[in-house]
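Student: output the structure for:
(chains A and B)
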Amino acid sequence: MSASKHAQLGLSDTDVLYMYESMIRARKVDERLWLLNRAGKIPFVISCQGHEGMQVGAAMALDGKKDYLLPYYRDMAMVMHFGMTTENILMANFAKAEDISSGGRQMPGHYGSKALRIVTGSSPVTTQVPHAVGYALAGKMEGKDFVCLTSFGEGSSNQGDFHEAANFAGVHDLPVIFFCENNKYAISTPADRQLACESIADRAAGYGMDGVSVDGNDPLAVYEAVSRAVERGRKGEGPTLIEAVSYRLTAHSSDDNELTYREAEEVKAAKEKDSIVTFTKYLKDAKLLTDEQEETIHKQIQTEIDEATDHAEQAAYADAESAMLHVYDQ
Amino acid sequence: MAMMNYLGAINLALKEEMERDEKVFILGEDVGKRGGVFLATEGLYEQFGDRVLDTPLSESAIAGVGIGAAMYGMRPVAEMQFADFMLPAVNQIVSEAAKIRYRSNNDFHVPLTVRAPYGGGVHGALYHSQSMEAMFNSIPGLKIVIPSSPYDAKGLLKAAIRDEDPVLFFEHKRAYRLLKGEVPEEDYTLPIGKAALKQEGEDVTVITYGLSVHFAEQAAKELEETGISTHILDLRTVYPMDRDAIVDAAKKTGKVLLVTDDNKEGSVMSEVAAIIAEECLFDLDAPVERLAAPDVPAMPYASPLEKQFLVTKDKIQSAIQELAEF
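Tutor: Okay, here's the model as predicted:
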């Protein structure tokens, strides 16, 4: 990352500091969730660590007032940059009534909010991808110029729904951004046992769409790629497939033991390329961030997380009888 | 009122709903210029253009794209070319459409209609003849509607399209041109979730749905000449079921014949039998009987084999008679 890269992309100094804060916030929330899990306070964690740079880079390229996000379970940094708050995330992880995604019905990581244009997701992977195509189709029919970004892992790119949705979007020139977060593992199975091609982006040709592969540890490179895809989508030039390559820095979930299938040295090496590390260095080299500012930002976010944790822990669960509600329109 | 067949009533319902509400659109295989392989959407592409969308051969995408558009605020009507071909879309229908309202705590909902021709008797063999309703009839969040007449087809399809929740709308493909009847040309809907009493009777109750209603009515007519009076309830909506109507109909005669052209095991009628057992066992004068297709994987192609599988008027007639004599 050259020091003036963000300016060349049209991002202000304030913009990149805002991106940095989003990345730090997501990382720190994620770390808090692991602590809460290990302390027995929340049942489950699914982590975004290692994905923060690409998620914030992608969300930064969208218009938060009109575009739609159809994320997957690892997208905490993305949904937070798109409008979910620290408290929203904690409420969901404590499964409290104030969880805006589901009122405590779904596992954490199943993001959704109509008001934020983040579309509800489920656990069977890749089912959200055709939904993104449906939103885009509706937008095209209504003459709107919004785009839909849907994200998924490299393992999910093998699902039939990915293929069916990408082909559909390609045939009908729909403004969908297929954003693949390749973190090199689908739970325990490495990418070379998931994919016979070099890059997920290679698959784009089969759907008649542009395919690009970017360094997922570089939020600015991701921002640039997604911005181009957004521009194409708004102009009616159709969908784009973007592969952002990074690494999953934690186990798949709080119920997984990564050391049964990968070496600690490999994780250690990946941590040196972590977007949090490299983007912090970029900002410091560009003299946009001092050690003091860094400490202040970290402290502010930590306080915010402490408060949100307390609120969520003390908040009420939904009434037990409410489990019977909202099967159908009432 | 106009005389029209079951297919014409479906076509008219689609046309009227698309004229009434511009959020309504159709997506499916060959629904555009071709007008659908059964011609259910004939003439609609000419009238509505791209609101009648030919999709790639991709059932999961037809359902999934429909779900996305419905969550956005459209009212898609997705056509599955044959109910047999819905299986690739089951994950979208069961994991997504059925659960989106519930899982989002009422934030999102899916006003999607999925139409699919089902049933046999047209030499469709194993994979163009199946009844798929049993596969979906224990999935809260879904509604399953199966009309038994042209009048019902129009009124129920319009209701399905206006419904705020996902509706699977199964159309018996043999009924398309076999069943004709009076259909009002004006707008009307019929209530989803309500069964319809087709005729009052004293001796035997038949509970059924879809094309079997027609055969039950024919059988009852012939039996009437021999002095057997048949009470016929058409479920119309097989999920969620109209429990009150089932119980009332069972109590009426105390002898109940449940008819489906699906395989017997685990069919819609198994649930009806369970409801009767729970609610009115002591009102019965005979064991509940199910008449259904045999428990073989699906309907064979050759005429004698197909006939062996099918639930016919004659089979229904014999079953009613035996029950009357019990």
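
Student: residues of the stretch 51-200 of chain A that sit close to chain B?
Tutor: Proximity of the stretch 51-200 of chain A to chain B, by C-beta under 8 Å from any C-beta of the partner chain, involves residues A:70, A:99-103, A:105-106, A:110, A:112-114, A:119-120, A:122-124, A:127, A:129-139, A:141, A:160-161, A:164-165, A:167-168, A:171-172. For every residue, glycine as well, the C-beta is placed using N, CA and C.

Student: show me where chain A has its helices.
Tutor: Ranges of helices within chain A are A:5-8, A:13-38, A:52-60, A:76-81, A:86-93, A:128-141, A:160-171, A:219-234, A:264-272, A:275-285, A:291-314, based on DSSP state H.

Student: just say which of those is most tucked in.
Tutor: helix A:52-60 (a mean of 31; mean count of other C-beta atoms under 10 Å in any protein chain shown).

Student: for the residue in chain B that chain A sits nearest to, what are its contacts?
Tutor: In chain B, no residue comes nearer to chain A than B:G68, which is 2.1 Å away by C-beta to the nearest C-beta. By C-beta atoms under 8 Å, 6 or more residues apart in numbering or on different chains, the contact set of B:G68 is A:70, A:119, A:130-138.

Student: same thing but 10 Å
Tutor: Counting by C-beta atoms under 10 Å, 6 or more residues apart in numbering or on different chains, B:G68 makes contact with A:68, A:70, A:119, A:128-138, A:148, A:150, A:165, A:176, B:61, B:74, B:76, B:92, B:96, B:110, B:112.

Student: could you count how many residues lie near B:F326?
Tutor: Residues lying near B:F326 (other C-beta atoms under 10 Å in any protein chain shown) number 12.

Student: list the residues that contact it.
Tutor: For B:F326, the contacting residues are B:204, B:254-255, B:285-287, B:289, by C-beta under 10 Å, 6+ apart.

Student: of all the residues you listed, which comes closest to B:E16?
Tutor: B:V204 (38.1 Å; C-beta to C-beta).

Student: phi and psi next, for that closest one.
Tutor: Dihedral pair for B:V204: phi -140, psi 140, per degrees, to the nearest 10.

Student: from what I see, it and B:V259 are in contact.
Tutor: No - using C-beta atoms under 10 Å, B:V204 makes no contact with B:V259, being 11.3 Å away.

Student: quick one: which of these two has more around it?
Tutor: The residue with more neighbours, out of B:V204 and B:V259, is B:V204; 29 against 25, by other C-beta under 10 Å.

Student: how close does that one sit to B:S212?
Tutor: Distance from B:V204 to B:S212, counting by C-beta to C-beta, to the nearest Å: 15 Å.

Student: what's near enough to touch the residue of the stretch 51-200 of chain A found nearest chain B?
Tutor: Closest approach of the stretch 51-200 of chain A to chain B (C-beta to the nearest C-beta) occurs at A:G134, with a separation of 2.1 Å. By C-beta under 10 Å, 6+ apart, A:G134 lies in contact with A:70, A:119, A:148, A:165, A:168, A:174, A:176, B:27, B:61, B:63-72, B:74, B:76, B:112.

Student: among these, the buried ones, what's the ChimeraX command?
Tutor: For the buried members of the contacts of A:G134, the matching ChimeraX selection, counting by 16 or more other C-beta atoms under 10 Å in any protein chain shown, is:
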select /A:70,119,148,165,168,174,176 /B:27,61,63,64,65,66,67,68,69,70,71,72,74,76,112
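
Student: which ones among the contacts of A:G134 are found in strands?
Tutor: Counting by DSSP state E, the contacts of A:G134 place A:70, A:148, A:176, B:27, B:76 in strands.

Student: my read: the first one touches A:S122, true?
Tutor: What that stands for is A:L70. No - under the criterion of C-beta under 10 Å, A:L70 lies out of contact with A:S122, with a separation of 11.2 Å.

Student: which residues are common contacts for the two?
Tutor: Listed contacts common to A:L70 and A:S122 are A:112, A:128, A:131; contacts here mean C-beta under 10 Å, 6+ apart.
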